[in-house]
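> Everything below, folded, please.
(one chain, ligands or ions: 1)
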Amino acid sequence: MSRKKIIAANWKMYKTPEQARQFMEEFVPLAAGHTRDEIVICPPFVDIAVVAEKASGTAIEVGAQNLYWEKEGAFTAEISAEMLTGAGCKWVILGHSERRQYFGETDDTVNRRLKVACEAGLAPIVCVGEVKEEREAGITEDVLRRQCARAFAGISARKAAKMAIAYEPVWAIGTGLTATPEMAAQAHALIRQEAASAFGDDYAKQLRILYGGSVKPENARDLLSQTEIDGALVGGASLKPDSFTKIVKW
Ligand code: PEP
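The predicted structure is shown next:
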């Protein structure tokens, strides 16, 4: 089964609205007419409006980097799923390792956010991945299985229809180190097995599993030409229109 690849930018905490506007003014013409892959940009919350406005009428889609699971209320500084859809987001990144590492995100909070994202019709990109010590200890497989099983708990295949997974080995994020295409393909196959046991074989066959971790123009083709790799989640190299375009056009 052929799965359309997704090239997603995670801008993390970079770019003011003005810088986001400048990026889009350069990037939109560069990406015009590119339909082979789905292009998603996930800026900081305050940039969503300007990115959505500049992406309107193009094939570029917009995502957020997180959401909170309550609908509304006294939750200072949090953002709900409905706020994101209302602002023009189709996608949301969940469980990024930086959220897990610095902001107390756990497998269970990822699961709560995922349920709400699915309910709201957003397409979640759920991030999983092992830290260096876990890889060295030979427990990568257990870590990935646990992260997937807990994230998927209590969610039906129908509700999770738009979900994608990003396999991001934490030791490869922002470090310049990348998993070899073979390492990534192995992890992706395992994640697909977990998806099959949670949601069934048909679901697993169409699930898109992205790779993330120091993807750049120089290594994009090696990674993205693997049939098990259904796209890339790109941090650092997504911040400049020319390098992101080179990745999009791998
Ligand atoms: C990320 O933030 O998801 C990421 C993969 O970052 P980088 O591409 O900079 O390693």
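
> Do stretch 85-95 and the ligand come into contact?
No. Contact of stretch 85-95 with the ligand (C-beta under 6 Å from any ligand atom) is absent, the minimum separation being 7.7 Å. To be clear about C-beta, it is placed using only N, CA and C from the backbone, and glycine gets the same treatment.

> residues of that stretch that come out buried?
Burial within stretch 85-95, assessed by neighbour count using 16 or more other C-beta atoms under 10 Å, is assigned to Thr85, Gly88, Cys89, Lys90, Trp91, Val92, Ile93, Leu94, Gly95.

> Tell me the one among these nearest to the ligand.
The closest of the buried residues of stretch 85-95 to the ligand turns out to be Ile93 (C-beta to the nearest ligand atom; 7.7 Å).

> show me where this structure has strands.
Along the chain, counting by DSSP state E, strands occupy 6-10, 38-42, 60-64, 91-94, 123-128, 164-167, 208-212, 231-234.

> hang on, the earlier thing: what's the farthest-apart pair in the buried residues of stretch 85-95?
Farthest-apart pair in the buried residues of stretch 85-95 is Gly88 and Gly95; separation 22.4 Å (C-beta to C-beta).

> got TSV for the strands of the chain, with mean pLDDT and distance to Arg192 too?
Below are those laid out as TSV (pLDDT from 0 to 100; distance: least, C-beta to C-beta, whole Å):
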stretch	mean pLDDT	distance to Arg192
strand 6-10	98	15
strand 38-42	98	19
strand 60-64	98	22
strand 91-94	98	19
strand 123-128	98	12
strand 164-167	98	9
strand 208-212	98	6
strand 231-234	98	14
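
> Reformat the ones you listed as JSON lines; add distance to Met183.
Shown next, in JSON lines, are the strands of the chain (distance: least, C-beta to C-beta, whole Å):
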{"stretch": "strand 6-10", "distance to Met183": "20"}
{"stretch": "strand 38-42", "distance to Met183": "24"}
{"stretch": "strand 60-64", "distance to Met183": "26"}
{"stretch": "strand 91-94", "distance to Met183": "22"}
{"stretch": "strand 123-128", "distance to Met183": "14"}
{"stretch": "strand 164-167", "distance to Met183": "10"}
{"stretch": "strand 208-212", "distance to Met183": "10"}
{"stretch": "strand 231-234", "distance to Met183": "15"}
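
> Any idea which of the ones you listed gets closest to Gln186?
Between Gln186 and the strands of the chain, the tightest spacing by C-beta to C-beta is seen for strand 164-167, at 9.9 Å.

> CA atoms only for that closest one, dumped as PDB, please.
The C-alpha atoms that make up strand 164-167 are tabulated as PDB, following Å, rounded to 0.1, in the frame of the first residue of the first chain:
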ATOM      1  CA  ALA A 164       0.500   9.700  12.400                       C
ATOM      2  CA  ILE A 165       3.400   8.700  14.600                       C
ATOM      3  CA  ALA A 166       6.800  10.300  14.600                       C
ATOM      4  CA  TYR A 167       9.700   8.000  15.600                       C
END
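
> Can you tell me the strand partners of it and which way each runs?
Strand 164-167 has the following strand partners under DSSP bridges: strand 123-128 (parallel), strand 208-212 (parallel).
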